[in-house]
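Chemist: Got a predicted model here, sequence first, then my questions.
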Amino acid sequence: MEILEAFDLTRCAWSAAQLVGCDPKTVTAYVAVRDAGADPLARPRRPRGIDQFLAKLEELVDRSAGKIRADVAHDRLVAMGFAGSDRTTRRTVAELKAAWRAGHGRIYRPWVPEPGMWLQFDWGDGPRIGERRTSLFCAWLAWSRYRVVIPTWDQTLPTLVACLDQTLRRLGGAPTYLLSDNAKTVTVEHVAGIPVRHPEMVAVGRHYGCKVETCVAYDPESKGGVEATVKLAKADLVPTSANLLGDYPSFTELTWACERVLEQVNHREHRETRQAPAVRLATERTHLHVLPATPHTLALGADRLVKKDQTISWGGVRYSTPPGWRGQTVWCRAQGEELVIVGRGAHGLEELCRHRLSTPGTPRIADEHYPHHPGGRHVHAPKPRPRTPQEVAFLGLGEGAHRWLVEAGAAGAARVRTKMAQAVELARVLGAGQVDQALGLAAIAGRFAEDDLASILDHLGTAGQPGDVVWADEAHSVQPGTDPWGGWASEHADRPADPRRTGPHPAPHAPAVSAHRRPRRARHRQGPALGPSRGAARAAGRRGHRPRRRHPPDAPQGRQLPHRQDVGELAAGGVLHPQPTQQALVTLEWIGRAENLAVAGPSGTGKSHFVEALAHAAIEQDLRVAWFTLESLTTTISKAKVDGTVARTVARICRCDLIVVDDIGMLPAGQEAAEAFYRVVDAAYERRSVAVTSNIHPSGSTRSCPRRWRRRRWTGCCTTPTWSCPRATATGSPRPWPARGWCH
């Protein structure tokens, strides 16, 4: 039983003390406190030694606006004679600070917004995409609590106006006030505490029918709604250890993430209004102002002047624009990972083009913006402009004549005017259409020799129109194998000895060697003269003025010649038979006659050794030699294609008296190898000797030879009768190759 309850029951302090087990004086004391109207359970404050200094402590707390530290106040009191501990001072100062804040704290009045009045916006730091920072534009419509979050790359004024325009159009109207922080894009400066608005933002507000307001400086509590929006947007979108979000691989992924968050937040019931913000927005739209049809020019981005080359500069990068805008002002803005270019045309603003954002040094030039420069701006290709009657007659044949003239000039063809006159004469006989078609085919094939046009016209007249050109795929090689060589030994064993042979019977796997001579022509050779003539060079060599060298100083270096080989030693080892053929080749007269040498046989039969010996013998006679494998020749021509010096490189190769291409057929050959081999053979035609070695059987070698070789009749001699090829007679007279030989 309690003391007061026992006293009310007995009305006697002594009896109540007996019931509760305490002293009667205790009962009397509690009853007296209750009768005085005080709390019997509250402990009265006892007098303390610091009470005489309370007035001073209150003064210090009030002067410092509740900021003074207890240790500073204690030092003041000790100087005044206070003998207590610092613990007493700390407790007393804490009580006085709490009392001061209670009397001087900020009093908040609940804000009850009206529909269609306030839109608050602010910026927040967004997540990083790679190494680049992003920003989050956050807007909050006060009455409906509708939120908008837009990711951007920067916080510039054009970006801010573009985000405001996008937000207002998403809301479906404009409110009366736009409230934001005092950023430099909104407030230029403060004069006596009065903000000075940015003139562009004032113009933007007038364009949309709004008034731009800012909160009190350094007082974000005056726009607490948008501050909460920024906090929630960063919590839902910026990866942290709390939300366990991963990094965004691209800006597009961040944009989609913002849309997903807004879809969830705006369609969820709000705790304060008990309605979804999207539902209340439909009601608030009736109180919003109508938006203008076109956005403010700042929303279009920063203005740029289109230069004479139809480009604008943005972020140190050049971007192309469509034709018709040179010298005019356009607007550019970054939208996600694209640059949007807008111009004002005859019917108002229109979007000109879009480019992916780039970095300095990598311009964005669209081919469709330059219809008069197809394929980009490379080497300036001159257009044919006829000046003489002969040029007018030739170019009047058609487009093929134009193409032929351009390609012939680039290839360095000789006697161009003479060939043009011949084409005009042929057009009078055969018709301009057929000759123009033949000229176009000659330009495509690179055939600019004397009789090439007549040959193409003969082919068109007999074989009809040419079919489609089929290019061999690099992934599917048509290189023949070595299976045809397998039956050589058995065929040779069953063959009787030839009584006309002057030497021993050759080994079954001896290489086949053929020296080919092209028929000389009575007309002038095609192509310009490269260096001194052959006769002048020999005369200079006899006078001792010609240095002995392996390669000309400006010739592209192929594979260096291997160790010196001696023809006599190779013959003694049984590499080449018969002896008359060997002796005829060692004299090197076939090089002086610009004949060709083909050595074919299986691997390991000494083809390369024999040709190396002939090359060394040619060097000993002051002849220039270029040595290539098919692979090194392909590499040399491919490198020349990069800087457009193919014709010059081939011309330097053909300055050598003997051109050797070794190991044809060892590796699969694609289109590039065939083109490189053809270029050299075509340029050396009737001008230089070409020696080739191959492991391809003659029955399959026709697919590897250039077409130009196969068209002409060849003469030569063979050292191995196992191919049923013509043999060298005792006098060394050559005989024609059969149909199954190297070329036919």
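Modeler: Nice, thanks for sending it over.
Chemist: could I have stretch 239-258 exported to CSV, CA atoms only?
Modeler: This file holds the C-alpha atoms of stretch 239-258, laid out as CSV (Å, rounded to 0.1, in the frame of the first residue of the first chain):
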residue,chain,number,x,y,z
PRO,A,239,25.4,2.7,-56.7
THR,A,240,26.4,2.3,-53.1
SER,A,241,26.9,-0.4,-50.6
ALA,A,242,23.4,0.1,-49.3
ASN,A,243,21.4,-0.4,-52.5
LEU,A,244,23.9,-3.0,-54.0
LEU,A,245,23.5,-1.4,-57.5
GLY,A,246,26.1,-2.2,-60.2
ASP,A,247,27.9,0.3,-62.5
TYR,A,248,26.1,1.5,-65.6
PRO,A,249,27.8,0.4,-68.8
SER,A,250,26.3,3.3,-70.8
PHE,A,251,24.4,6.5,-70.6
THR,A,252,21.4,4.8,-72.1
GLU,A,253,21.3,2.3,-69.3
LEU,A,254,21.2,5.2,-66.8
THR,A,255,18.3,6.8,-68.7
TRP,A,256,16.3,3.6,-68.5
ALA,A,257,17.0,3.2,-64.8
CYS,A,258,15.7,6.7,-64.2
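Chemist: domain ranges for this protein?
Modeler: 1-44, 47-105, 118-287, 301-369, 389-463, 509-736 (automatic domain parsing).
Chemist: Helices of the stretch 51-200 of the chain, residue ranges please.
Modeler: Taking DSSP state H, counting those that start in this stretch as the test, the helices found in the stretch 51-200 of the chain are 54-63, 70-79, 86-104, 157-171, 199-208.
Chemist: between those helices, which gets nearest to residue 594?
Modeler: helix 157-171 (72.6 Å; C-beta to C-beta). Glycine gets a C-beta too; all of them are placed from N, C-alpha and C.
Chemist: Can you spell out which helices and strands pack onto that closest one?
Modeler: Here helix 157-171 is seen to pack against strand 118-125, strand 135-141, strand 146-152, helix 199-208, strand 329-335 when contacts are counted using 3 or more C-beta pairs under 8 Å, 6 or more residues apart in numbering; DSSP states H and E.
Chemist: Which residues does stretch 324-344 contact?
Modeler: Residues from elsewhere that reach stretch 324-344, judged by C-beta atoms under 8 Å, 6 or more residues apart in numbering: 153-154, 158-159, 162, 250-252, 255, 297, 299-308, 310, 312, 314, 319, 321, 349-357, 364.
Chemist: Go through the residues you listed and flag which are in helices.
Modeler: 158, 159, 162, 251, 252, 255 (DSSP state H).
Chemist: what's the farthest-apart pair in those?
Modeler: Among those, 158 and 252 lie farthest apart (C-beta to C-beta), at 21.0 Å.
Chemist: higher neighbour count, the two?
Modeler: residue 158 (22 against 13; other C-beta atoms under 10 Å).
Chemist: my guess is that one contacts residue 304, does it?
Modeler: No. Contact criterion C-beta atoms under 8 Å: residue 158 and residue 304 do not qualify, at 11.3 Å.
Chemist: hang on, residue 6 packs against residue 13?
Modeler: No. Between residue 6 and residue 13 there is no contact under C-beta under 8 Å: 9.5 Å.
Chemist: so what's in contact with the two at the same time?
Modeler: By C-beta under 8 Å, 6+ apart, residue 6 and residue 13 have these common neighbours: residue 27.
Chemist: Just want the most central residue of the chain.
Modeler: residue 362 (8.7 Å; C-alpha atoms, centre = their mean).
Chemist: For the stretch 351-500 of the chain, which segments count as helices?
Modeler: Going by DSSP H, counting those that start in this stretch, the stretch 351-500 of the chain shows helices at 389-395, 399-411, 416-430, 432-445, 452-463, 488-493.
Chemist: just the angle between the fifth one and helix 399-411, please?
Modeler: Yep, that's helix 452-463 we're talking about. In terms of direction (axes from the mean of the first three to the mean of the last three C-alpha atoms, to 10 degrees), helix 452-463 departs from helix 399-411 by 140 degrees.
Chemist: ok, and what's touching helix 452-463?
Modeler: 419, 422-423, 426, 430, 434-435, 437-439, 441-442, 447, 466.
Chemist: Between the residues you listed, identify the one with the most neighbours.
Modeler: If you count neighbours using other C-beta under 10 Å, the busiest of these is residue 439, which has 30 neighbours.
Chemist: Quick check: the gap between the residue nearest to the centre of the chain and residue 317.
Modeler: Computed with C-beta to C-beta, to the nearest Å, the distance linking residue 362 and residue 317 is 7 Å.
Chemist: Check residue 42 too.
Modeler: In this view, residue 42 and residue 317 are 78 Å apart by C-beta to C-beta.
Chemist: Looking at these two, which has the bigger crowd around it?
Modeler: Higher neighbour count among residue 42 and residue 317: residue 317, with 18 against 8, using other C-beta under 10 Å.
Chemist: In contact with the spatially closest residue to residue 168 that is not a sequence neighbour: list those residues for me.
Modeler: Leaving aside its chain neighbours, residue 168 sits nearest to residue 174 (5.1 Å; criterion: C-beta to C-beta, 6 or more residues apart in numbering). Counting by C-beta under 8 Å, 6+ apart, residue 174 touches 168, 208, 209, 210, 288, 289, 290, 291.
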